[in-house]
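Student: Here is a sequence together with a model predicted from it:
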Amino acid sequence: MKLKFLAISLVLAILATSMNATTVSAQGTYEKYGPRVKDLIFNVGGDVTKEATMLENGLIDYMDWAVPSGKIPSWSTNPDIVMEDYSEAGWYEYDLNLQMWPIGHGIMDGGDGGAAPTAAMNWAFPLSWDLGSYWIDYSDQRDVDARWFRKALAYLTNRGAISTAFEGTITPMQTFIFPTIGGWENPSAPKYPFGIAEAKACLDSGGFMDYDSDGEREYCKHVAQREAWKAGTGPVPSDVEEIPDIQLWSRSDDPPRQYAGAMLRLYLEDYCNVDVDYNEGSYSYCTPHAWDDYDYHIYTGGWGWGSMPDMYEVLWHSERDIYPQTDGDNYNRYHRQEYDVLASAFKSSLDLATAKSYLDQCQMMLHDDVACIPLYTMSGYVAHRAKYGDFVGEQKYKDKTWLGFANEQGYGYYGANFGFSSINAHPADFQRGGTLRHGLVAKPDKLDPIDSESFYEAMILSKIYEPLIVRHPFDTTTYLPWMCSSFSDGTWDNNGRTCSKLTVNLLPNVLFHDNHLVTPADVEFSYGYAKAAMSVSEFAVLKEYDHCEISGNTIAICFNTTSFLVQSWVAGVSIIPKHIWEPYPPTLPGDPRQPGSWAFAPDEEDALIGTGPFKCFKDGVTGRIDKVEGEYYHLVANPTYFREMVQPDFATLVGGAVTPGHSGRVDIDDFSMVILKYGHLAPWTLDPVWGPIADVNKDYIVDLDDIMETGARFGQTGYVNGYPSYYT
């Protein structure tokens, strides 16, 4: 009785499944169906080198990173490893804090280092010194001189040395337009070829010179006095100030960034006589100083990105600086009114030509101001294991060739959104089955679709939560309907202003992992909640969200501006279940430094429940993740995800007896036989007649998946002429 009840419950769930065809592009093949494996385990390496060793030793099947330079020669001839070309959709940079002297002309909170503001300085907005949001207009000498300091840093950026040190994995960048969207780059944007002499000249021009001959540079704001002293025609200037030690935070979990940080420290201290307070460590050690405390001068940052060059608006428009709240996208704290106008005009452009014109101007201004210094993008190769490994309890898959890995444009095997490899990969000879082991460079700090912020957290969360539309795996300029049957761009009348909207037709049969049906109300709630909570990962694309208009399963997602970016915005917002999140407020009142739904931690509440291809399931509880903090995170396949057509018509009633054969419909004979053979672990040997055909999805076990595959087609006809293969 218990088995029957469970089977019927799952059949009702699988009836909400959607069906779509395999898609072939000029660059590869992918399926919408899956997952093909039953388990997905994320194993944490701790850094890139350790993660690569895990792949080499067969402990993981693929990485969340490009192949390290030192592994390329040996892996290219290793029959156990498959490598393919890779060019990352993203970049790495020297982040600069433009509110910290001498990088910028301010200093926050009256903290350590630098001088207090003087009466002569132009503090345009705001008036409060504590808020520390100072605008660049070059009307104050410190403002002018801070740019000279930043230009010196730009000239000390030795991209060639990084590329040489990590041969075959680095593509240097002079702007933030990475190669896969290279057509957006303005070739006239200011560039700063490496040169120590040029850097020293910039420091001299900014008044940063060794006035007291102690081997360290100081600063003087009086231009005439410092120039006279430099020329040997005047005394040591008055009001000479010590330069605060440069707070440089360098990521050690990523070797190229570690190298870039150490190299810049060397150039500043040994060649330019500027003291550096050098701090090196993991993501969780370094990043809070940039994202939370804003007490850094330089941070070796990095961004994964999408298919649009909207970084010039998202990361450097002054409204993206939400200090004193944490996790602002503009944590460089760049404020310039002229730039805001250009960035807003770019975002509001309706056509690509207009957008390109404004983006060209944004690149000219931002790189002339040196608001942030681009370093490189990762390139070279991504890799996965060629065959299934040797794991206890999984011997039937051992040495089976891995099939279905998708090398997505800009994202490799780890993929954008949920990652097509995660749903397509499977061991040969098995339609479904096995465990896919995914590497992570670093552990996630928290798992929360609203408040998580790191790449490593996104790798896990993107398997649990999904947006309405997703990027095409082999053409990042194209989006695919995912939780919807179709979508279209349009406009709406916003009190006399024409604004953009995206209309989607929500699929009527999408289920959350707890079998609640996804409704338009969930979509509307997700957008409003994430915006109100200032979701760290989604606020950038939700900033212009206004409201939803709902008619049946048709949803118009309306924004309060016109923009050619609306598809990329919608692709960046995950749908969360209203019935789980609604009881919790989207903000924690009274603490402006902590936006987000901090009153609710879904990981701690066993409520990590989305619609994605994998779900959290432990101890019989959906939403509870199986994990050992910092070691592994285990997800299981979502049984109601997109499913491929299978052969569920295999039994027929002949002369009062059920026999193997096709009746032309899926009926109680088929369903009963699957239940009768439930639990056969080796159906091809224990029952060579019924076992193999009761194993509907051919994963070499008769289990609930087979019951659901049969139940999902129950009552369907037209199977007399055979069945499409799994791939058809």
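Tutor: Noted; the coordinates are in hand. Residues are numbered from 1 along each chain as shown.

Student: start to end distance for stretch 74-82?
Tutor: Taking C-alpha to C-alpha, to the nearest Å, the first and last residues of stretch 74-82 lie 12 Å apart.

Student: To clarify, my last question referred to stretch 502-521.
Tutor: Per C-alpha to C-alpha, stretch 502-521 runs 16 Å from first to last residue.

Student: How far does that stretch sit from its chain's centre?
Tutor: Distance, stretch centre to chain centre, for stretch 502-521: 23 Å (C-alpha atoms, centre = their mean, to the nearest Å).

Student: name the element the nearest residue to residue 637 once chain neighbours are set aside belongs to?
Tutor: Spatial nearest neighbour of residue 637, excluding adjacent residues (C-beta to C-beta, 6 or more residues apart in numbering): residue 35 at 4.4 Å. For the C-beta atoms, the positions are set from N, CA and C on the backbone; glycine is no exception. Applying DSSP states H and E as the criterion places residue 35 outside every helix and strand.

Student: okay, residue 35: pLDDT?
Tutor: Note for residue 35: predicted pLDDT of 93.

Student: distance of it from residue 277?
Tutor: Separation of residue 35 from residue 277 (C-beta to C-beta, to the nearest Å): 47 Å.

Student: and residue 532, how many neighbours does it have?
Tutor: 17 (other C-beta atoms under 10 Å).

Student: That one touches residue 586, doesn't it?
Tutor: Yes - contact between residue 532 and residue 586 holds when scored by C-beta atoms under 8 Å: they sit 3.9 Å apart.

Student: which residue packs closest to residue 399, ignoring adjacent ones?
Tutor: Nearest to residue 399 is residue 387, by C-beta to C-beta, 6+ apart, at 5.0 Å.

Student: Next, count neighbours for that neighbour.
Tutor: 19.

Student: hang on, isn't it packed against residue 81?
Tutor: No - Residue 387 is beyond contact range of residue 81, at 9.9 Å (criterion: C-beta under 8 Å).

Student: Show me how the record splits the protein into domains.
Tutor: When the chain is parsed with automatic domain parsing, its domains come out as 1-17+643-728, 18-80+386-637, 90-377.

Student: Could you tell me which ranges of the stretch 51-200 of the chain sit under the pLDDT cut-off?
Tutor: The model of the stretch 51-200 of the chain has pLDDT under 70 over residues 107-132.

Student: those helices in the stretch 451-600 of the chain, which residues are they?
Tutor: All helices of the stretch 451-600 of the chain, identified by DSSP state H, counting those that start in this stretch, fall at 455-464, 520-532, 539-542, 566-570, 578-581.

Student: These: lowest mean pLDDT?
Tutor: helix 539-542 (a mean of 81).

Student: Centre of the chain to that helix, how far?
Tutor: Taking mean C-alpha positions (C-alpha atoms, centre = their mean), helix 539-542 and its chain are 14 Å apart.

Student: Which elements pack onto it?
Tutor: In terms of contacts (3 or more C-beta pairs under 8 Å, 6 or more residues apart in numbering; DSSP states H and E), helix 539-542 is packed against helix 520-532, helix 566-570.

Student: Flag the shaky bits of this structure, pLDDT-wise.
Tutor: 1-28, 107-132, 588-599, 644-646, 680-685, 718-728.

Student: Relative to residue 135, how far out is the residue nearest to residue 198 when sequence neighbours are not counted?
Tutor: Leaving aside its sequence neighbours, residue 198 sits nearest to residue 155 (C-beta to C-beta, 6+ apart; 4.3 Å). Note on residue 155: its distance to residue 135, by C-beta to C-beta, is 25 Å.

Student: Would you mind telling me which of these two has more residues around it?
Tutor: residue 155 (22 against 19).

Student: before we move on, the earlier item: pretty sure the residue nearest to residue 198 sits against residue 205.
Tutor: No - the criterion here is C-beta under 8 Å, and residue 155 misses it with residue 205 at 11.7 Å.

Student: So residue 535 sits against residue 453, correct?
Tutor: No - counting by C-beta under 8 Å, residue 535 stays clear of residue 453, with 9.3 Å between them.

Student: what number of residues lie near the spatially closest residue to residue 530 that is not a sequence neighbour?
Tutor: Counting by C-beta to C-beta, 6+ apart, residue 538 is the residue found nearest to residue 530 once chain neighbours are left out, at 4.8 Å. Applying other C-beta under 10 Å, we find 22 residues neighbouring residue 538.

Student: which ones are touching residue 538?
Tutor: 450, 530, 572, 573, 574 (C-beta atoms under 8 Å, 6 or more residues apart in numbering).

Student: what about it, distance to residue 304?
Tutor: From residue 538 to residue 304 the distance is 14 Å (C-beta to C-beta).

Student: what packs against the host helix or strand of residue 257?
Tutor: Using DSSP H and E, residue 257 sits within helix 255-266. Contacts defined by 3+ C-beta pairs under 8 Å, 6+ apart place helix 255-266 against strand 90-96, helix 159-165, strand 246-251, strand 276-281, strand 298-304, strand 373-385.

Student: Any chance of these in a markdown table with mean neighbour count and distance to residue 184 as columns?
Tutor: A markdown table is the format used below for the helices and strands packed on helix 255-266 (neighbours: other C-beta atoms under 10 Å; distance: least, C-beta to C-beta, whole Å):
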| stretch | mean neighbour count | distance to residue 184 |
| --- | --- | --- |
| strand 90-96 | 23 | 13 |
| helix 159-165 | 16 | 20 |
| strand 246-251 | 23 | 27 |
| strand 276-281 | 17 | 34 |
| strand 298-304 | 22 | 15 |
| strand 373-385 | 23 | 14 |
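
Student: Against which helices or strands is the lengthiest helix in the chain packed?
Tutor: Criterion DSSP state H: the longest helix present in the chain is helix 352-369. Using 3+ C-beta pairs under 8 Å, 6+ apart as the contact test, the elements touching helix 352-369 are helix 311-314, helix 337-347.

Student: Number of residues surrounding residue 717?
Tutor: 12.

Student: What's opposite it in the beta bridge?
Tutor: residue 665 (DSSP bridges).

Student: In this structure it contacts residue 662, no?
Tutor: No - counting by C-beta under 8 Å, residue 717 stays clear of residue 662, with 10.8 Å between them.

Student: do you know which of the helices of the stretch 451-600 of the chain lies nearest residue 106?
Tutor: helix 539-542 (24.2 Å; C-beta to C-beta).

Student: C-alpha coordinates for the closest one, PDB please?
Tutor: Only the C-alpha atoms of helix 539-542 are listed here, as PDB (Å, rounded to 0.1, in the frame of the first residue of the first chain):
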ATOM      1  CA  PHE A 539      20.000  43.600  -8.100                       C
ATOM      2  CA  ALA A 540      22.000  44.800 -11.000                       C
ATOM      3  CA  VAL A 541      19.500  43.400 -13.500                       C
ATOM      4  CA  LEU A 542      16.400  44.200 -11.300                       C
END
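
Student: Would you mark the buried spots in that helix?
Tutor: 539, 540, 541, 542 (16 or more other C-beta atoms under 10 Å).

Student: of those, closest to residue 337?
Tutor: After measuring the buried residues of helix 539-542 against residue 337 - C-beta to C-beta - the closest member comes out as residue 540, at 20.6 Å.

Student: Skip the chain neighbours and tell me the closest residue to residue 303.
Tutor: Spatially, and ignoring its direct neighbours in sequence, residue 303 is nearest to residue 90 (5.3 Å; C-beta to C-beta, 6+ apart).

Student: Settle this for me: that neighbour is touching residue 304, isn't it.
Tutor: Yes - judged on C-beta under 8 Å, residue 90 makes contact with residue 304 at a distance of 4.1 Å.

Student: what number of residues lie near residue 386?
Tutor: 15.

Student: re earlier: out of the helices and strands packed on helix 255-266, nearest to residue 484?
Tutor: strand 298-304 (24.5 Å).

Student: where do the strands sit along the stretch 351-500 of the chain?
Tutor: For the stretch 351-500 of the chain, applying DSSP state E, counting those that start in this stretch gives strands covering 373-385, 402-403, 426-427, 435-440, 469-472, 475-481, 484-494, 497-506.
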